[in-house]
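J.: Got a predicted structure here, sequence first:
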Amino acid sequence: MTEGATLLGRSGIDALFTDCIRRQADGSSARPLPVVVLFGKRGSGKTWTLKYLEGRCKGSDAIPYVSVDRVTRPDSSVWQLSCEIADSFHAKKWLGFGRLNFPRVTLARLAAQHKNLPENLDPESAREELRKQLRIQFKHHLDPAIDLVTNLLPALSTPQWIISTIVSSIRLIARSNRAVERLYQRGLQWYGVQFGNSETSGLSVLVELNRRFQSNNQSEFAASMLLEAFLDDLADVFTRRRDFNCAILLDNCDDPGGTGFLNLLAERRSCRPERDQLVVVAASRTRLDLIDFDRSWVFPWEPDRFGAPRKPNSQQAN
């Protein structure tokens, strides 16, 4: 993309992005945030605009952002794209935020990847099988602690029987169902409340997620649950005062995974009473197959009732 590449309305997009990425003076967000989609043929300046917005984000470590070019992974699904976005947000320590953590997303991924939950297992056996998988992951978290004990304490002349007792205690904790459920307690409770009922445990919901994911190749049900987890994990980050929202810059989203992500985000937003903290700018060479495209989206090339071009503003959701 050359330096002179232009895009009709780029200054308006820049102004819209600036207005939406900055939160109110008290650190709150008083409006729904938009999904902006740039349409245009190759060379029209879409990628240039995304790079410009990325450069603005890079100029301030206080704006958590993710930039994804779908052309490098066109076959990845909505689930995989959501995981990639969460991982990218988590990979860096952001000024004023620290590292963004996604415990609900992590729990969903751990449950989904387990391949030993056959359909003929009764509910309790399926839950126990999933607990076992979580214990394995829990043990991986404790391995560094065991290494520290076995390598550091001998250097401090600690008696071997004390070292053995500490290591045995750590390993005993790793085999405990109670320890696993305490570690994942918040996430398990959330899944039970969000997707179950008064008689459904979080583990039961995750068993259902696993079966849908494994039997239907990353089904829309599983992707929807993952995105809901992502949005609530992100909301936890904003329980403290923040100066900026988060940004997702998504290029070449013409494929089913990119379009599916935008559709799913719009759908989840319509169902959520809370406003999320994401400003999304996407680009596509083709007119995307977006839900209610002709009714729910604002087109700047169409005139308003006074004959003037309509310009999307920060008071509109997309």
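T.: Yep, it's here.
J.: all strands of the stretch 51-200 of the chain, in order?
T.: 65-69, 93-94, 98-99 (DSSP state E, counting those that start in this stretch).
J.: what about the stretch 51-200 of the chain, any weak spots by pLDDT?
T.: Along the stretch 51-200 of the chain, the parts satisfying pLDDT under 70 run over 116-121, 136-149, 151-157, 167, 169-183, 197-200.
J.: Now do the helices in it.
T.: In the stretch 51-200 of the chain, the helices defined using DSSP state H, counting those that start in this stretch lie at 78-90, 103-113, 123-152, 160-174, 177-183, 185-195.
J.: Which other helices and strands does the second one contact?
T.: With contacts defined as 3 or more Cβ pairs under 8 Å, 6 or more residues apart in numbering; DSSP states H and E, the packing partners of helix 103-113 are helix 78-90, helix 123-152, helix 185-195, helix 202-215, helix 220-237. For the C-beta atoms, the positions are set from N, CA and C on the backbone; glycine is no exception.
J.: Of all the strands of the stretch 51-200 of the chain, which one comes closest to L227?
T.: Among the strands of the stretch 51-200 of the chain, strand 65-69 comes nearest to L227, with 14.1 Å by Cβ to Cβ.
J.: Run the angle between the closest one and helix 78-90 for me.
T.: 140 degrees (axes from the mean of the first three to the mean of the last three Cα atoms, to 10 degrees).
J.: Give me whichever of the strands of the stretch 51-200 of the chain is most buried.
T.: The highest mean neighbour count among the strands of the stretch 51-200 of the chain, using mean count of other Cβ atoms under 10 Å, belongs to strand 65-69: a mean of 19.
J.: can you redo the strands of the stretch 51-200 of the chain as CSV with distance to C57?
T.: CSV is the format used below for the strands of the stretch 51-200 of the chain (distance: least, Cβ to Cβ, whole Å):
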stretch, distance to C57
strand 65-69, 4
strand 93-94, 10
strand 98-99, 17
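J.: what's the closest of those strands to G45?
T.: Nearest to G45, of the strands of the stretch 51-200 of the chain and by Cβ to Cβ, is strand 65-69 at 15.4 Å.
J.: which helices and strands sit right next to that closest one?
T.: Using 3+ Cβ pairs under 8 Å, 6+ apart, strand 65-69 sits against helix 46-58, helix 78-90, strand 246-251.
J.: ok, the residue nearest to D69 when sequence neighbours are not counted - contacts?
T.: Closest residue to D69 apart from its sequence neighbours, by Cβ to Cβ, 6 or more residues apart in numbering: D251 at 4.5 Å. Neighbouring residues of D251 by Cβ atoms under 8 Å, 6 or more residues apart in numbering: 46-47, 50, 67-71, 282-283.
J.: Just the buried residues of these.
T.: The neighbour-count criterion (16 or more other Cβ atoms under 10 Å) marks 46-47, 50, 67-68, 70, 282-283 among the contacts of D251 as buried.
J.: Just give me the closest of the residues you listed to T165.
T.: Nearest to T165 among these, with distances taken as Cβ to Cβ, is V68, at 48.4 Å.
J.: my read: that closest one touches F89, true?
T.: No. Taking contacts as Cβ atoms under 8 Å, V68 lies outside contact range of F89: 11.3 Å.
J.: G257 sits in which helix or strand?
T.: helix 256-271 (DSSP states H and E).
J.: So which elements touch that helix?
T.: Short answer (3+ Cβ pairs under 8 Å, 6+ apart): helix 256-271 packs on strand 35-39, helix 78-90, helix 220-237, strand 246-251, strand 278-284.
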